[in-house]
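In: Next come a sequence and a model predicted from it.
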Amino acid sequence: MTTEPDAETQAPARSASRTLQDVSEPDDAAPTGPVEGAEGESWQVGMNLKGSLREAMQAPPTVYEIVGGQRFFDELVDRFYDAVEDDPLLRPMYPRDMGPSRRRLAGFLAQYWGGPPQYSEERGHPRLRMRHMPFPIGLAERDAWMAHMTASLDAATIADGAGRPLPGEIRAAMFDHFDNAATHLINRPG
Ligand code: HEM
């Protein structure tokens, strides 16, 4: 394949959250239309808004928003790279200072799951296959990477300070993304 799939930058970020929202939809008995004040005018924030602001207020939350924003991805990546620091197979591939590596991966993941385009602004298109070519990635390296990321995902909570567990479907969607991407990045098969 000569071109990188657009799927690298565009996650179905809202699809998992849409399911979450559907689950939490109010039941049929709940009022659905605008609620009117004493003067007969709509009083809820958003009801009188037009155009993109109204759209923004009605859009379902992204996965990025549900998990607590950038902090979630920073913590996920920190746990992951702390484990890589001690991995004799993977550590030699990474630069001595892994600070910038942490920032790049956290920025990429945040953007992938619906966050701001900070990664693209700093690095352009991810071109992950091309960027990983200098590193020999076979099945053993892929499995080691996945083992650390899975452990980090298992330890993850929503980053709002309350320690609430990650919704199961979001955990599963993230696992699938890592699992597929890691396989896609194998460049020394056999
Ligand atoms: C399969 C096993 C993998 C190995 C051995 C591996 C290894 C590496 C190494 C050595 C780097 C360079 C470190 C640096 O940023 O300075 C890197 C960068 C990166 N990796 Fe991986 N990686 C793997 C899988 C993945 C997966 C599955 C993803 C995404 C889901 C990913 C995303 C990234 C990103 C975003 C960068 C920074 C790219 C840039 O802007 O330069 N990697 N990886």
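Out: Ah, there it is.

In: what does the protein have sitting close to the ligand?
Out: With the criterion set to CB under 6 Å from any ligand atom, the chain comes near the ligand through 90, 93-95, 101, 104-105, 108, 123, 126, 128, 131-132, 135, 137, 141-142, 145, 178, 181-182, 185. Backbone N, C-alpha and C define where each C-beta goes, glycine included.

In: now the residues you listed: which count as buried?
Out: The neighbour count (16 or more other CB atoms under 10 Å) marks 90, 93, 104-105, 108, 126, 128, 132, 137, 141-142, 145, 178, 181-182, 185 as buried among these.

In: Closest to residue 64 out of those?
Out: Of all these, residue 64 sits closest to residue 108, with 12.2 Å by CB to CB.

In: I'd guessed that closest one sits against residue 126; true?
Out: Yes. Contact criterion CB atoms under 8 Å: residue 108 and residue 126 qualify, at 6.1 Å.

In: Geometric centre of the chain: which residue is closest?
Out: residue 113 (3.3 Å; CA atoms, centre = their mean).

In: hmm, back to that, list residues touching both of residue 108 and residue 126?
Out: residue 119 (CB atoms under 8 Å, 6 or more residues apart in numbering).

In: Run through the residues that contact the residue lying closest to residue 146 once chain neighbours are set aside.
Out: Using CB to CB, 6 or more residues apart in numbering and skipping the chain neighbours, the partner closest in space to residue 146 is residue 182 (5.3 Å). Residue 182 makes contacts with 142, 145-146, 149, as judged by CB under 8 Å, 6+ apart.

In: immediately after the worst-scoring helix or strand of the chain on mean pLDDT, which helix or strand?
Out: Ranked by mean pLDDT, DSSP states H and E, the weakest helix or strand in the chain is helix 13-23, scoring a mean of 38. Where DSSP states H and E defines the elements, the next helix or strand beyond helix 13-23 is helix 51-58.

In: tell me the mean pLDDT over that next one?
Out: Mean pLDDT, helix 51-58: 81.

In: Check stretch 62-81 too.
Out: Mean pLDDT, stretch 62-81: 98.

In: hmm, back to that, do you know the pLDDT at the residue nearest to residue 146?
Out: Confidence score, pLDDT, at residue 182: 98.

In: what's the answer for residue 92, then?
Out: For residue 92, the predicted pLDDT is 98.

In: That one: what secondary structure?
Out: Following DSSP: H, G, I helix; E, B strand; the rest coil, we place residue 92 in the helix state.
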